[in-house]
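*Asks:* Quick one: sequence and predicted model below, then my questions.
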Amino acid sequence: MWKGLFHLKTKGGCKVLTDNLTAKISLILICSIGWSFSKSDENPTILLPQEKIEFPLKKEWLEKRYTKRDTKTKVKLFFIVHNLGFNASTTAKILKILPKNIAISLTPYVKQSKDTLKIIKQKGHHVLWVQPMELYRQPNTVSDPYRLSRYKDKQHNIESVTNTLSDMPGSTVGVIADETSPVLRDEETLLTLLLELKKRKLTLLSPEMSVNSEFMNLCHTHGVKCDEADYSISRTDTASNVVSLLNRVKELGEQTGYAICVIDAHWPYVVTLLEWCSRLDKKQFELYPYSMD
């Protein structure tokens, strides 16, 4: 049974749930009481009602997330330019034009130069550190020294987390998964990361809006603050799709008061983002540096 109106969108592996009402999903097994008779058996057979099963969805979080906004306040739009740092020249170009109220996430695969870290510090960008995780499209990633994987044993996953976080700058406000991943719903594997994040008092952001609540439940159980992005724009999106998705971010913000969007650190996309932001009504919208504080 569905309560409220849902719009479930799948784009580039990212499922997005946009409901401006309360949200709850209930799976109800077919319940009926029936009577069946046969010519040889006059005694009725009773079909007992089956147990009602509810998925443990983040009901309270969803109700709060999709509450109608206070129109007296500005809409907060949180953008994160994601997986920055693979190419030094592209990184420098993006950092040069990016305003400080747009957050960035840095890849652990390339050790960032002192110049890059200096620019980030001078401009005051909020930094999220990328934790690579096993991908749906490429599940067996045992050979990757940074990537958490269900196919690795516990010790190798501990080493992956250690390798990932070793070069993390001091300005880091949290950790973000590089893509949607089955690891975000697998307690045994994710726990390796959660224990380290709790120790360092860091948050964890999923770049997708999940349909179920395993990710949030796991983080809550182990004392790590977490969040989910509303939209994710990847390199598989066309130029027209990028603008369309940005407009959806705006629409969600108008409904609920804020929206979170992760966008790949692809030069044309960043240029499109900034051009799109320049057309926003500054009296109604505000770009805000992302953090969970």
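*Replies:* Received the coordinates, thanks.
*Asks:* quick one, longest helix in this protein?
*Replies:* If you go by DSSP state H, the chain has its longest helix at helix 239-256.
*Asks:* Pull that one out as CSV, backbone CA atoms only.
*Replies:* Extracted in CSV, the C-alpha atoms of helix 239-256 (Å, rounded to 0.1, in the frame of the first residue of the first chain):
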residue,chain,number,x,y,z
ALA,A,239,24.0,18.3,-21.6
SER,A,240,20.3,18.7,-21.8
ASN,A,241,19.8,16.1,-19.0
VAL,A,242,22.1,18.2,-16.8
VAL,A,243,20.0,21.3,-17.1
SER,A,244,16.8,19.2,-16.6
LEU,A,245,18.2,17.7,-13.5
LEU,A,246,19.3,21.0,-12.1
ASN,A,247,15.8,22.3,-12.7
ARG,A,248,14.5,19.3,-10.7
VAL,A,249,16.9,20.3,-7.9
LYS,A,250,15.4,23.8,-7.9
GLU,A,251,11.8,22.5,-7.9
LEU,A,252,12.5,20.2,-4.9
GLY,A,253,14.1,23.1,-3.1
GLU,A,254,11.0,25.3,-3.7
GLN,A,255,8.9,22.5,-2.3
THR,A,256,10.9,21.6,0.8
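*Asks:* Just the buried residues of that helix, please?
*Replies:* Applying a neighbour-count criterion of 16 or more other CB atoms under 10 Å, one finds Val242, Val243, Leu245, Leu246, Arg248, Val249, Lys250, Leu252, Gly253, Gln255, Thr256 buried in helix 239-256. Any C-beta I mention is one placed from the backbone N, CA and C, and that applies to glycine too.
*Asks:* Grab the nearest non-local neighbour of the fourth one.
*Replies:* Of all residues beyond its chain neighbours, the one nearest Leu246 is Trp276 (4.9 Å), with distances taken as CB to CB, 6 or more residues apart in numbering.
*Asks:* Break down the stretch 1-150 of the chain into its strands, ranges please.
*Replies:* Applying DSSP state E, counting those that start in this stretch to the stretch 1-150 of the chain gives strands spanning 2-3, 8-11, 14-17, 24-27, 35-38, 41-46, 53-54, 75-84, 103-106, 127-131.
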